[in-house]
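Q: missing the sequence, but the structure's below:
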């Protein structure tokens, strides 16, 4: 549908600094690869790298992990992951600084600093900013995957997270605003996120570009064409939630499913929750924690309805885009669908009253034609507005301006 614009590679390398490990976040993009699980961050990082691959002589993603070290390549993209700590003392200092130091920054592999003069740096989030200040790097792009101060302001039920947010919240917001102000360009996921930033920093309006989270639509449409789905007339109805269960907003959503949504139905409606590290919480008999799966597309394909009962978070929920790309009817809160330019009751059903959420699911289960129409409209929306290929030229222009 979209013709790829081939651009001669420039004599510049591209470096993307990430804040967490890469090995645990690749296999759903590349089934059967090195390690399990996937986060929203990597569903954005890898596509961005693939889109800019033709613009640079070398494309690199650098990150660290507490346990795993890996240097390899995927689709021409170099993946460089080093150990985060050099021992127990180093680990203690890192986490102490994470709580109390005004100069706290995420670590990156030392080799990321090779050939600085010939490198365009892109940061995933603001917490590399103090690292950038300590080096001779004077130009960088900030990919603001979330508005991080917004995430920290939501009340947490996790005591450790609550303590961390209380101690470090003000400092982290200060770092985030400084990073936004200093960046040569800022990429955000939605118009809403842009407006939140401009409410604090109105003078940076000309250096913010909205590049929404997207999917490569052709990959999903091809999967649908190739998939063989058996007749499910005699099976229970299936309602699906997908998400990384180490992410607090997703854990909150799972608690809501187990306590307020699924109990309204009997075992004739099965709720499947796909994601690594499911929380240890009471659940009714019609909720099944599937855990990690090799390919989430298979579960989306077989589901009758997909849901996103999120109460907080930031950016754009990639799970919604995946549901839409596979033509599934969706019930979501407005927060869950935030950042997506949808038409309510045409592309998606929105319900913010969590006590009424189950009724919207029931309406869809009883109306097959409504499910089909919602799914078709959702798929059309992806192809029109949320295919990564649409933004290839825009990204190229941003990078050209920042070289």
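A: It's in. It should be emphasised that the depicted structure is a prediction, and the values quoted were computed from it without experimental measurement. Numbering: from 1, shown residues only.

Q: for this structure, give me the ranges with low pLDDT.
A: The chain contains residues with pLDDT under 70 at 1-11, 20-42, 155-157, 228-234, 314-316.

Q: what residues go with each domain of it?
A: 10-214+388-402, 217-385 (automatic domain parsing).

Q: could I get those in JSON lines, plus columns for mean neighbour count?
A: Using the backbone N, CA and C atoms, a C-beta is placed for each residue, glycine as well. JSON lines is the format used below for these (neighbours: other C-beta atoms under 10 Å):
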{"stretch": "domain 10-214+388-402", "mean neighbour count": "17"}
{"stretch": "domain 217-385", "mean neighbour count": "18"}
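
Q: may I have the strands that pair with the helix or strand where residue 272 lies, each with its orientation?
A: Residue 272 belongs to strand 269-274 when elements are defined using DSSP states H and E. Sheet pairing of strand 269-274 (DSSP bridges) gives strand 237-242 (parallel), strand 287-291 (parallel).

Q: now tell me what touches the first one from outside.
A: By that I understand strand 237-242. The set of residues external to strand 237-242 that reach it, using C-beta atoms under 8 Å, 6 or more residues apart in numbering, is 232, 253-254, 257, 262, 268-275, 296, 299-300, 302-309, 319, 322-323, 328, 361, 365.

Q: repeat for the shortest one
A: In this structure, residues lying in contact with strand 287-291 by C-beta under 8 Å, 6+ apart are 257-258, 262, 270-276, 278, 283, 299.

Q: can you do 7 Å?
A: Residues from elsewhere that reach strand 287-291 (C-beta atoms under 7 Å, 6 or more residues apart in numbering): 257, 258, 262, 270, 271, 272, 273, 274, 276, 278, 299.

Q: residue boundaries of the helices in the protein?
A: Using DSSP state H, the helices found in the chain span residues 40-52, 88-100, 129-134, 148-153, 159-182, 191-200, 217-226, 248-256, 296-302, 318-325, 357-366, 368-385, 392-402.

Q: work out the gap between the first one and the centre of the chain.
A: Between the centre of helix 40-52 and the centre of its chain there are 10 Å (C-alpha atoms, centre = their mean, to the nearest Å).

Q: and if you look at the last one?
A: Offset of helix 392-402 from its chain centre (C-alpha atoms, centre = their mean): 21 Å.

Q: now do that helix against helix 40-52, angle only.
A: 80 degrees (axes from the mean of the first three to the mean of the last three C-alpha atoms, to 10 degrees).

Q: which strands or helices does helix 392-402 pack on?
A: Applying 3 or more C-beta pairs under 7 Å, 6 or more residues apart in numbering; DSSP states H and E, one finds that helix 392-402 contacts helix 40-52, strand 185-188.

Q: with the third one instead?
A: On a contact count with 3+ C-beta pairs under 7 Å, 6+ apart, helix 129-134 meets helix 159-182.

Q: for stretch 376-394, which outside residues touch it?
A: Counting by C-beta under 7 Å, 6+ apart, residues outside stretch 376-394 touching it are 1-2, 5, 47, 51, 209, 211-212, 214-217, 321, 324-325, 327-328, 330, 341-342, 346-348.

Q: who's in contact with the nearest residue to residue 129 once chain neighbours are set aside?
A: Once flanking residues are discounted, residue 129 sits nearest to residue 179: 3.7 Å by C-beta to C-beta, 6 or more residues apart in numbering. By C-beta under 7 Å, 6+ apart, the contact set of residue 179 is 126, 129, 142.

Q: verify the stated contact: the second one with residue 174.
A: No: distance between residue 129 and residue 174: 10.2 Å, which falls outside the contact criterion (C-beta atoms under 7 Å).

Q: quick one on the thing from earlier: and the gap between the residue nearest to residue 129 and residue 280?
A: 36 Å (C-beta to C-beta, to the nearest Å).
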